[in-house]
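> predicted model and sequence follow; I will ask about them next.
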Amino acid sequence: MKHSTKRGLTLALTTTLAVSAAPYLTSSATAAPGKLSLVASSLDGLAFDLDEQAAGDVTVQVTDSVAGSVDVDDAQDLTYHWTVTPFDTTTAAVRVPATGEAVQAVDVTGEFVVPLPAGQAPGTYVLVAGLGPDAAATGAIPAATLLTVKAGEAAIVFDDESPLRVAAGADHPVAGTLELEDGTGLPDRLLDLALVRGSAGSDPLADAVLTSLQVTTDDAGAFETVLSDPAEAGQGTELGGSVQAATAVTPGVGDAVASASLAVDLVSETPPTGSSLAAVPLGGGKPGQALAGQARVFAPDDTFDVDPVTAGVQGDSGTALDPVEGQVVTLSLDHGFFTTGGEELPAVVGEPGGNLVDLGTTLTGVTNAAGRLDYRVAIERDAAFDDDGLVTAAVTVVADAAGDLTGTATADWDTTDPLNGRVSIVLSPADEQVGPVAPALAGDRTYYEVRSLDQFGNPVDGRTVDLAYSGDLDDWDYSDDSTVTDFDTAGDVWVVSFETADIDVTGTWNAPTFEYVDTAGNAVAGTSDVTGSATASFYELDFDASRFAIRSTATDVVAVGSTVSQTVRVLDQRGNPVRGYQVRFFRFGPDRSGSEARAIRTTNARGEATYTFVGTRLGKARITAEVTDGVRTRSLGDVVVFGAPVTAKLVGEKKGGRTPDRLTVTAPRKAAGASVTVYRVVAGRRTAVRTRVLDATGQAAFKVKDRNGKRATTYLAVVRSTATTVADTTNSVKVR
């Protein structure tokens with residue numbers, strides 16, 4: 001059993017519920033004199049590691065509100081159960097015991113030890129307990145929730161990601177938290193810290209230290225120390241070190257048995273004055289293979305101190321530029337990604353190799369003792385390959401935060417010799433097709449692009465692909481038995497059926513292969529036939545189920561001398577335009593004419609045929625269109641009315657005060673009987689206010705209620721068409 005200390009007592013957190021022999025509940029602070037209560041305590045606080053738990057850490061004390069602790073002398077039993085709600089929300093809560101109550105019959109001066117349930121998951125533990133009656137059936141305390149604690153497996157979590165890279169010659173905080181799985185911090189715990197020095201770097205004397213080697217976590221479980229590196233002339237770097245943190249035995253609590261390591265590099269963030277950067281070209285390669293690159297940073301000779309004893313900067317014995325070891329270098333890439341050069345593991349036997357580890361398009365590292373940062377790049381699918389199979393990727397190298405020391409290296413990618421090949425057969429673009437496809441109308445060709453690709457989908461030029469056809473081959477045709485792939489989309493092959501059918505097109509290429517032979521990422525090169533296919537579907541046109549329509553550019557009576565177009569449109573049963581139907585247009589009126597066809601047209605790719613004419617006289621033009629496929633015919637009709645032009649005028653006046661606005665519309669007598677609507681215009685929007693009919697003189701008078709007092713109101717009028725006249729819109733007027 002742990003011994004209470006001043007430190008341990010500060011961790012012990014107490015929950016108190018006071019319950020009298022009568023069934024009511026109150027806090028111990030307000031309990032009436034002589035009332036009994038149960039007080040639960042956790043020596044390890046409200047949050048702790050399961051390794052810190054020991055027998056006697058959780059207790060329940062019988063307390064009198066006046067006399068304090070009450071010794072029940074084993075005459076009364078504590079009954080209790082725990083409810084455990086795991087931090088893992090996918091796991092259900094558990095009651096311990098599952099049914100009934102556990103019993104603790106032994107007390108020491110009224111204090112009962114309540115063991116934490118063993119073998120349970122990390123989570124929130126809730127204690128519900130009550131006190132049974134004595135031999136006289138008195139003194140019982142009803143069960144109630146006495147204590148809620150969190151328990152689990154604590155971990156030390158550093159605030160910084162590993163490795164922590166900070167500037168040499170300065171002080172830097174190193175912080176973290178001792179916390180449970182749900183992020184709850186453990187306060188007042190002791191942690192031991194240590195700095196493990198690395199073996200790399202340009203500092204001749206590795207003199208960085210931690211200012212605190214033992215720390216105590218705060219109320220949130222957080223801790224902090226300082227990594228201190230003395231500033232010196234010819235400042236060197238310290239690389240490959242680490243900060244080690246481990247829990248210690250906290251008196252009165254125990255040891256959470258947690259540890260963590262944070263890799264630390266004391267680096268050069270800004271290169272020494274006069275430094276130079278070289279970005280070495282990466283050369284050329286293929287998608288799925290890595291290319292190696294280098295960035296090199298050098299400082300002027302004798303920039304760094306090499307003697308830890310003699311004061312000042314003692315340079316080296318040579319005259320060459322000094323490599324900058326530990327210089328932070330940032331790389332970015334516009335095509336492809338950075339990689340370790342290794343395969344993603346485990347590899348799948350028989351699958352294509354070249355599945356390289358993807359580190360993203362930015363990378364930060366530090367230079368080695370030679371002032372060099374080695375890196376690798378790779379590429380997979382990139383749309384820039386589509387036009388010629390080539391991509392030039394640029395690696396931008398930056399060696400200082402200000403961007404004053406930069407360089408660029410290039411990688412040239414080529415799909416000519418792929419690791420693995422595949423075949424794809426896809427529909428050519430719509431503008432390359434005869435008409436709608438998938439399905440196509442029987443008799444129309446369907447064009448396909450035959451593509452040789454690498455395993456990532458990048459095009460490979462100039463490969464021979466053999467073609468085979470299968471399916472409904474009763475009445476059909478095709479263009480080629482093989483094709484040589486290219487980068488364009490002009491349509492490589494076509495297939496056609498003259499009846500309803502599905503025809504499969506299959507392409508075969510004897511392509512290179514590079515396939516995994518084990519799960520460790522090893523692959524072997526070879527060749528193998530690879531195939532790709534597509535299905536061309538065709539349907540036969542159903543004349544009776546097709547839709548036929550005629551429309552005119554004239555939507556109202558049009559003026560004599562106007563040009564009018566009549567358009568016939570034919571859509572088949574699938575809603576696709578029908579090309580090649582003959583349309584004969586007949587027109588009767590308004591001029592004198594015979595019974596012969598005025599025009600013979602053929603529907604185009606949009607399924608349309610158009611006839612245009614000019615009406616030279618007043619009257620109606622009756623248009624009939626006969627549409628035929630050579631066997632069946634469908635007739636369509638329309639009427640266009642040609643009338644005399646009309647010029648209408650609107651005049652407004654005001655008689656004063658709030659009398660109605662007076663408006664008069666005047667038009668030629670020939671428009672008599674035409675409907676006239678007057679509109680109020682506000683902010684360009686028309687609102688109809690009155691409708692009249694032109695009288696025999698061609699006039700119509702209106703009275704409109706004045707709705708805006710002394711402000712002006714804008715009006716205009718529309719004279720509708722009649723059987724012999726054309727519609728017209730008047731001028732606008734303002735009436736105040």
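Nice, thanks for sending it over.

> in the strand or helix carrying Val689, which residues are buried?
Assigned by DSSP states H and E, Val689 falls within strand 685-693. Within strand 685-693, the residues that count as buried by 16 or more other C-beta atoms under 10 Å are 689-690, 692. Glycine gets a C-beta too; all of them are placed from N, C-alpha and C.

> output the below-cut-off pLDDT ranges for this structure.
For the chain, applying pLDDT under 70 flags the ranges 1-34, 655-657.

> re the thing from before, any chance of the buried residues of strand 685-693 in JSON lines, with distance to Ile379 too?
As requested, the buried residues of strand 685-693 are exported to JSON lines (distance: C-beta to C-beta, whole Å):
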{"residue": "Val689", "distance to Ile379": "70"}
{"residue": "Arg690", "distance to Ile379": "74"}
{"residue": "Arg692", "distance to Ile379": "77"}
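
> ok, back up a step: parallel or antiparallel, list what pairs with the strand holding Val689.
Sheet partners assigned to strand 685-693 using DSSP bridges are listed as strand 675-682 (antiparallel).

> what's the spacing between the partner strand and its chain's center?
Mean-position distance between strand 675-682 and its chain equals 53 Å (C-alpha atoms, centre = their mean, to the nearest Å).

> still on that earlier bit, name the nearest of the buried residues of strand 685-693 relative to Leu427.
Nearest to Leu427 among these: Val689, at 57.6 Å, using C-beta to C-beta.

> do you know how far the closest one is from Asp706?
Distance, Val689 to Asp706, by C-beta to C-beta, to the nearest Å: 11 Å.

> name whatever forms a beta bridge with Ala468.
Note on Ala468: beta-bridge partners by DSSP bridges are Thr506.

> what's the burial count for it?
Using other C-beta atoms under 10 Å, Ala468 has 13 neighbouring residues.

> I'd assumed Thr508 was in contact with it.
Yes: if you go by C-beta atoms under 8 Å, Ala468 and Thr508 touch, sitting 7.2 Å apart.

> show me what contacts Val689?
Applying C-beta atoms under 8 Å, 6 or more residues apart in numbering to Val689 gives the contacts 678-680, 702, 704, 715.

> wait, which of those residues is closest to Val84?
Of all the contacts of Val689, Val84 sits closest to Arg680, with 76.6 Å by C-beta to C-beta.

> now render the contacts of Val689 as a markdown table, adding distance to Val426 and neighbour count.
Putting these into a markdown table (distance: C-beta to C-beta, whole Å; neighbours: other C-beta atoms under 10 Å) gives the following:
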| residue | distance to Val426 | neighbour count |
| --- | --- | --- |
| Val678 | 61 | 23 |
| Tyr679 | 56 | 19 |
| Arg680 | 59 | 18 |
| Phe702 | 66 | 21 |
| Val704 | 66 | 17 |
| Tyr715 | 62 | 24 |
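
> show me the strands in the stretch 401-550 of the chain, by range?
406-414, 421-427, 440-441, 446-454, 459-460, 464-471, 476-478, 482-484, 493-497, 501-516, 523-539, 547-552 (DSSP state E, counting those that start in this stretch).

> check the stretch 251-400 of the chain too.
Under DSSP E, counting those that start in this stretch, the stretch 251-400 of the chain gives strands at 259-267, 276-280, 283-285, 291-299, 322-323, 328-333, 337-339, 362-366, 372-378, 390-398.

> want to try TSV for those, with mean neighbour count and distance to Pro459 as columns?
Below are the strands of the stretch 251-400 of the chain laid out as TSV (neighbours: other C-beta atoms under 10 Å; distance: least, C-beta to C-beta, whole Å):
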stretch	mean neighbour count	distance to Pro459
strand 259-267	20	44
strand 276-280	18	30
strand 283-285	15	17
strand 291-299	22	21
strand 322-323	20	43
strand 328-333	21	22
strand 337-339	22	20
strand 362-366	16	28
strand 372-378	22	19
strand 390-398	19	11
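
> same list, those strands, but as JSON lines with distance to Thr415 please.
Output for the strands of the stretch 251-400 of the chain, formatted as JSON lines (distance: least, C-beta to C-beta, whole Å):
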{"stretch": "strand 259-267", "distance to Thr415": "39"}
{"stretch": "strand 276-280", "distance to Thr415": "24"}
{"stretch": "strand 283-285", "distance to Thr415": "11"}
{"stretch": "strand 291-299", "distance to Thr415": "15"}
{"stretch": "strand 322-323", "distance to Thr415": "38"}
{"stretch": "strand 328-333", "distance to Thr415": "18"}
{"stretch": "strand 337-339", "distance to Thr415": "17"}
{"stretch": "strand 362-366", "distance to Thr415": "25"}
{"stretch": "strand 372-378", "distance to Thr415": "14"}
{"stretch": "strand 390-398", "distance to Thr415": "8"}
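
> of the ones you listed, which is nearest Leu213?
Among those, strand 259-267 sits nearest to Leu213 (C-beta to C-beta), with 14.7 Å.

> and the closest one with strand 362-366, angle?
Put simply, strand 259-267 runs at 80 degrees to strand 362-366, going by axes from the mean of the first three to the mean of the last three C-alpha atoms, to 10 degrees.

> ok, residues contacting strand 259-267?
By C-beta under 8 Å, 6+ apart, the list of residues contacting strand 259-267 reads 155-158, 160, 162-169, 174, 176, 195, 198, 201, 203, 208, 227, 229, 237-247, 326-328, 366.

> what strands line up against that strand, and which way round?
strand 164-167 (parallel), strand 238-247 (antiparallel).

> out of the ones you listed, which gets nearest to Glu449?
Closest to Glu449 of the strands paired with strand 259-267, according to C-beta to C-beta: strand 164-167, at 49.9 Å.

> and the closest one, how far out from the chain middle?
32 Å.

> for stretch 573-582, same thing?
Put simply, stretch 573-582 sits 42 Å off its chain's centre (C-alpha atoms, centre = their mean).

> that one spans what distance, first to last residue?
18 Å (C-alpha to C-alpha, to the nearest Å).

> tell me if Asp74 really is in a strand.
No: counting by DSSP: H, G, I helix; E, B strand; the rest coil, one finds Asp74 to be coil, located in no strand.

> ok, now which ones touch it?
With contacts defined as C-beta under 8 Å, 6+ apart, the neighbours of Asp74 are 105-107.

> 10 Å instead?
Residues in contact with Asp74 (C-beta atoms under 10 Å, 6 or more residues apart in numbering) are 105-108.

> equivalent analysis for Asp728, please.
For Asp728, the contacting residues are 645-649, 667-668, 671, 674, 676, 717-721, by C-beta under 10 Å, 6+ apart.

> next one: the nearest residue to Asp472 once chain neighbours are set aside from Arg445, what distance?
For Asp472, ignoring the flanking residues on the chain, the nearest one in space by C-beta to C-beta, 6 or more residues apart in numbering is Ala501 at 3.4 Å. According to C-beta to C-beta, Ala501 stands 13 Å off from Arg445.

> pull up the overlap in contacts between these two.
Between them, Ala501 and Arg445 share these contacting residues under C-beta under 10 Å, 6+ apart: 495, 536.

> coming back round to it: the following helix or strand past the strand holding Val689 - which strands sit beside it in the sheet, and in what orientation?
Counting by DSSP H and E, the next helix or strand C-terminal to strand 685-693 is strand 699-704. If you go by DSSP bridges, strand 699-704 pairs up with strand 661-666 (antiparallel).

> buried sites along the partner strand?
For strand 661-666, a neighbour-count test (16+ other C-beta under 10 Å) marks 661, 663, 665-666 as buried.

> wait, which of the buried residues of strand 685-693 is closest to Gly526?
Val689 (86.2 Å).

> in the protein, which spans are helices?
Listed in chain order, the helices found in the chain under DSSP state H are 6-11.

> centroid residue for it?
The chain has Gly360 as the residue nearest its centroid, 16.3 Å off, counting by C-alpha atoms, centre = their mean.

> distance check, Thr519 against Glu343.
Distance of Thr519 to Glu343, given as C-beta to C-beta: 10 Å.

> repeat for Thr310
Separation of Thr310 from Glu343 (C-beta to C-beta) stands at 51 Å.

> ok, those two, which is more surrounded?
When Thr310 and Glu343 are compared for neighbours, Glu343 comes out ahead with 20 against 9, by other C-beta under 10 Å.

> burial measure for the closest residue to the more buried one other than its chain neighbours, as a count.
Spatial nearest neighbour of Glu343, excluding adjacent residues (C-beta to C-beta, 6+ apart): Gly521 at 3.2 Å. Counted by other C-beta under 10 Å, the residues lying close to Gly521 total 18.
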